[in-house]
Structure formats: structure tokens, C-alpha cells
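*Asks:* What would the 3D arrangement of this be:
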Amino acid sequence: MLFNSFAYMVFLPLVVILYWSCPKKLRTPLLLLASYVFYMFWKPVYGLLILALTVGNYFLGLSLEKSKERRKLILFCGIAFNLLVLGFFKYAYFARDSANEFMKVFGFNALPQFPFEIILPLGISFFAFEFIHYVVDVYRGSSAVKNFMEFALFPSFFPTQIAGPIKRFQDFIPQLHLETKFKLEYLNDGVELILFGLFKKVCLADNLALVVNRCYAHPDMLSAADMWLATWAFFFQVYFDFSGYTDVARGSALLMGFKVPINFDMPMLASSIADFWRRWHISLSTWLRDYLFIPLGGSKRGEWITQRNALITMTIAGLWHGASMNFLAWGFYLGLMIVVHRFWQNCCRKFEVLEKLIASKLFHIFAIALTFNSFSFGLVFFRSQNMQTAWSIMRKMLLIDPSPAGSSPWIPSILTTSSSVMFLLLPFMLASFLIAQIIVSRFKGTPGIMPSPKYLPFFKPVYLAALAIILLLVAPGVTASYIYFQF
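*Replies:* Below is the predicted model of the structure:
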């Protein structure tokens with residue numbers, strides 16, 4: 001069930017009304033039932049998959065808490081159990097194709113085809129990481145969840161089930177025990193998040209996708225300037241798509257009094273790759289830090305080991321996003337960015353002139369532009385269909401390969417197409433509604449900021465109504481799935 005579908009617009013209010021209408025002891029069973037309905041709406045059989053994972057990890061947690069002698073073995077089994085399930089559904093085809101390429105080099109016969117089709121279950125990457133977090137933290141000393149129904153709701157909670165944010169059970173489970181009563185602010189803030197999230201997805205991301213898809217379908221016909229514009233557009237498409245999903249998820253949860261972690265904090269303003277990962281997909285970057293980078297040794301075993309750990313962590317993060325060489329290369333590229341950044345930091349510490357340079361405002365602006373363009377350039381791996389196409393586009397963007405005959409590498413031809421009007425209007429639309437959101441959310445009652453507190457109660461309904469109207473007017477004709485649903 002898509003957040004941007006009519007079915008969800010019926011499902012969510014119904015669940016919220018039932019949730020606040022029923023006694024507190026029935027709310028967890030209600031949410032669990034609703035979450036399984038939400039998940040099985042796409043493919044009912046995969047409800048059994050998340051149930052099997054839930055049962056397995058529930059008993060693993062209890063065993064870890066009770067056992068004193070075989071805890072490491074149980075932990076290993078728990079991590080292996082979750083990774084094997086994730087690996088089978090997500091990487092079986094990739095592993096087979098990679099093995100076939102290897103065997104082809106040495107003249108061996110290819111492996112046989114699978115006797116059945118493997119369909120990637122929605123959200124498996126996200127709730128697999130939540131299960132791994134659970135067993136690791138119980139091993140580290142956290143109390144296991146005793147109530148099975150509460151534990152089952154933790155990974156299946158429908159607002160965050162498909163594409164996060166990745167929750168921590170220590171934050172989520174206690175919220176089930178709070179004596180919450182319906183508050184008007186839940187409705188007020190929840191609806192605002194949902195509408196703004198849908199605006200970012202439907203009006204911005206989906207319209208940017210029209211431009212991006214057209215450019216990446218025929219990169220050989222476009223100039224270097226075209227591909228840079230398309231790649232910048234893809235950065236914002238992914239950002240609006242995924243942060244829009246997170247807004248809807250947070251708003252949906254808030255309607256029932258639940259708070260889930262934020263996932264984005266204006267990453268386009270990051271001044272370094274380290275700062276970027278503190279702002280982009282925050283729940284994943286903190287998960288990778290706590291459950292991969294630190295267990296590998298973190299930054300406590302010398303600079304070379306730290307660089308190795310960063311490179312391994314980001315390469316695995318890339319592969320987590322998708323089972324192909326493109327994502328593996330993308331992750332490795334991100335790791336190299338971190339290695340280069342750490343090398344630059346070490347140089348700055350040794351030379352006073354560099355410390356003064358990086359402290360200047362002008363360099364800060366340059367650092368933001370460099371970070372944005374460096375990350376955007378790597379997204380070519382993310383968006384291209386294969387490595388050959390990615391290399392071709394990158395060579396063109398770096399002016400290594402010439403643009404098509406008769407076109408200048410410095411002049412973008414996509415701005416002369418019919419899609420150019422929407423492409424140019426999007427930044428202005430975004431800026432207008434960001435200003436409106438700031439006025440509503442951050443400057444309530446602040447003297448000298450328009451609208452004044454006197455008019456604020458009237459401004460917000462108008463602002464939300466305008467969002468709803470623009471959603472209807474600007475939305476593309478086809479409802480697009482969220483990008484991160486494929487992960």
C-alpha cells in the first residue's frame with residue numbers, strides 16, 4: 001500500500017479513529033493487525049515471512065538474556081539468521097550472476113536457473129536491520145522484550161515498515177506503555193507532516209523524475225551540461241522522494257501519539273561528507289556506525305585501520321541499497337570520499353594556514369558546493385542501469401568524452417524541451433512552501449515575523465489547503481512508487 005495512494009488515504013484515518021476509540025489494552029493488537037493488513041495488501045504471502053522473522057528473533061532475544069555460557073553463539077546465529085534471509089531474497093540473483101561471470105572466465109558451465117522466481121519483499125532491508133539491532137543490543141545488556149505482541153509490532157509498525165526510519169526498540173517499546181490521550185496537536189502537526197511529505201513526493205520528486213528519466217534514457221544524445229543538470233535533479237528527486245516518505249511516516253505515527261526519529265536535516269547544506277552523513281538517512285548512518293563501523297574497530301586502532309573500516313562500511317552500505325555492481329561501486333565511491341575527507345582533516349590539523357582557511361565563510365560556501373557536487377556525481381552509479389552506462393555518463397560529465405555532434409558541452413538542451421517549465425518552476429515552488437513551513441513551525445509568536453501571532457491560526461489552514469490544492473493540480477498522471485521501496 002503506497003502512502004500516495006487512495007487506499008492509504010482511506011486506511012490511515014480508519015486506523016487512527018479505531019485506535020483512539022478503543023481501550024488502551026486493545027491498541028497494540030489493533031496496530032499489529034493494521035500493520036499486517038498494510039504489509040499484506042501488496043503480496044499476502046510475505047506476511048508469513050515477517051512473522052517467521054519476528055518469532056525467530058523473539059526467542060533469540062529471550063535466549064540471549066537467559067543464557068550465560070553460549071551467548072556469543074546465540075548472537076552469531078541471530079545475526080546469521082537475519083542476514084541469510086536478507087541475502088536469499090535480495091542477493092541470490094546477484095550472487096548467481098557474479099558466479100557465472102567468474103566461471104565463464106575459467107571455461108566452466110553456468111549455474112542452473114532457479115526453479116522459482118524470487119521476488120524481493122518490501123521493506124526487508126529495513127526490518128532486517130531492526131532485528132539485527134535488537135539481538136545485538138540484547139547481547140550488549142538491554143532487556144529483551146517479553147510481550148510477544150509488543151515485540152511483533154516493533155518491526156511491523158506500518159508507518160515505518162517499508163522504508164524506515166530504522167527504529168530502536170528501546171525508543172519504540174516504551175511508547176506503547178505511555179498513558180496517551182488524543183491531543184489536537186497530534187492531528188495538527190501530523191496532518192501538516194503528511195501533506196508536506198506528499199507535496200515533496202508528488203509535486204517535486206515525481207515531476208523531477210520526468211526530467212531525470214528522460215535524460216538517463218538517452219545520455220548519448222545529451223551534453224555534459226545536460227547530464228550535470230539531470231544528476232542534480234536526481235539528487236533532489238531522491239531527497240524529496242525519501243524525505244517526503246519520512247514526513248508521511250512521521251505524520252502518520254504522530255496521529256496516534258508515536259514519535260519516530262527524523263531521517264533528514266537539510267543535507268544539501270552539508271559542508272563535508274562527514275557532515276552529509278549526519279544529515280542524510282540519519283537512521284541508517286547511525287545504524288552503520290553502531291553495528292558495523294564500531295564493531296570493525298571504529299577509529300581506535302590507528303588511522304589506516306580507521307580508513308579501512310570506513311571504506312568497508314560504506315561499500316557494504318552501497319550493496320545494502322541494491323544487488324548490483326553499480327551499488328557496490330557507489331558504496332566504494334562514498335567510502336573513498338570519507339577517506340579523502342579524513343586525509344584533508346589531518347592535513348588541516350598540521351598546517352595553521354589551512355585551519356584559518358577552512359574557518360572562513362568563503363571556504364564554507366565552497367565546501368558546501370564541493371560536497372553537493374561530489375555526492376551528486378556519485379549518484380550516477382546509483383541511477384544508471386549498468387556500469388557501462390555509468391562510466392559513459394561520468395566521462396561525459398568530466399569532459400573526457402565529447403558531447404554529441406552539433407552541441408556544446410556547456411549548453412543544456414533539456415531547458416529547451418517541454419519539461420523545462422516544470423523543471424524551472426520546482427525550485428520556486430519548494431522555496432515558497434519551505435518559507436511557509438518555517439513561518440508555521442518555527443516562528444510562532446515571534447515579534448516582527450509575518451504572519452503575526454494574531455493571524456497565525458488562520459494562516460496554517462490556508463497553507464495546508466494550498467498544499468492540498470497544489471497536490472491535485474501539479475501531480476503527474478501516474479502514481480509512482482517510492483524509490484526506497486526497492487531496497
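
*Asks:* In contact with residue 3, which residues?
*Replies:* Counting by CB atoms under 8 Å, 6 or more residues apart in numbering, residue 3 touches 197, 198, 201, 245, 248, 249, 252, 482. All C-beta spots, glycine's among them, are computed from the backbone N, C-alpha and C.

*Asks:* Check which helix or strand the first one maps to.
*Replies:* I take that to be residue 197. In this structure, residue 197 sits in helix 184-198 according to DSSP states H and E.

*Asks:* and that helix, what does it pack onto?
*Replies:* Counting contacts by 3 or more CB pairs under 8 Å, 6 or more residues apart in numbering; DSSP states H and E, helix 184-198 is packed against helix 224-254, helix 420-442, helix 456-474.

*Asks:* how about 10 Å then?
*Replies:* Under the contact criterion of 3 or more CB pairs under 10 Å, 6 or more residues apart in numbering; DSSP states H and E, helix 184-198 touches helix 6-21, helix 224-254, helix 420-442, helix 456-474.

*Asks:* I'd like the average pLDDT over it.
*Replies:* Throughout helix 184-198, pLDDT has a mean value of 88.

*Asks:* relative to helix 6-21, how tilted is it?
*Replies:* 170 degrees (axes from the mean of the first three to the mean of the last three CA atoms, to 10 degrees).

*Asks:* State the separation between helix 184-198 and the centre of the chain it belongs to.
*Replies:* Mean-position distance between helix 184-198 and its chain equals 20 Å (CA atoms, centre = their mean, to the nearest Å).

*Asks:* Could you pull out the buried residues of the helix or strand just after that helix?
*Replies:* Moving toward the C-terminus from helix 184-198, the next helix or strand (DSSP H and E) is helix 206-217. Residues 206, 207, 208, 209, 210, 211, 212, 215, 216 are the ones in helix 206-217 that count as buried (16 or more other CB atoms under 10 Å).

*Asks:* Just to check, the first one is in contact with residue 240?
*Replies:* It stands for residue 206. Yes. The criterion here is CB atoms under 10 Å, and residue 206 meets it with residue 240 at 8.7 Å.

*Asks:* list the residues that contact both of these two?
*Replies:* residue 200 (CB atoms under 10 Å, 6 or more residues apart in numbering).

*Asks:* just the helices in the stretch 1-150 of the chain please.
*Replies:* For the stretch 1-150 of the chain, the helices defined by DSSP state H, counting those that start in this stretch cover 6-21, 27-40, 46-66, 71-105, 124-139, 148-156.

*Asks:* how far is the third one from where the chain is centred?
*Replies:* The gap between where helix 46-66 is centred and where its chain is centred comes out at 25 Å by CA atoms, centre = their mean.

*Asks:* The fourth one now?
*Replies:* When distances are taken as CA atoms, centre = their mean, helix 71-105 is centred 23 Å away from the chain's centroid.

*Asks:* try the first one
*Replies:* For helix 6-21, the separation from the chain centroid amounts to 25 Å (computed by CA atoms, centre = their mean).

*Asks:* That helix vs helix 224-254, what angle?
*Replies:* Going by the same axes, to 10 degrees, helix 6-21 makes 30 degrees with helix 224-254.

*Asks:* Domains in the protein, by residue range?
*Replies:* According to automatic domain parsing, the chain comprises the domains 6-177, 184-264+412-474, 267-397.

*Asks:* Dump these to CSV, plus distance to residue 403.
*Replies:* Shown next, in CSV, are those (distance: least, CB to CB, whole Å):
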stretch, distance to residue 403
domain 6-177, 32
domain 184-264+412-474, 4
domain 267-397, 7
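
*Asks:* For residue 404, find the nearest of these.
*Replies:* Shortest distance between residue 404 and these, using CB to CB, is found for domain 184-264+412-474: 5.8 Å.
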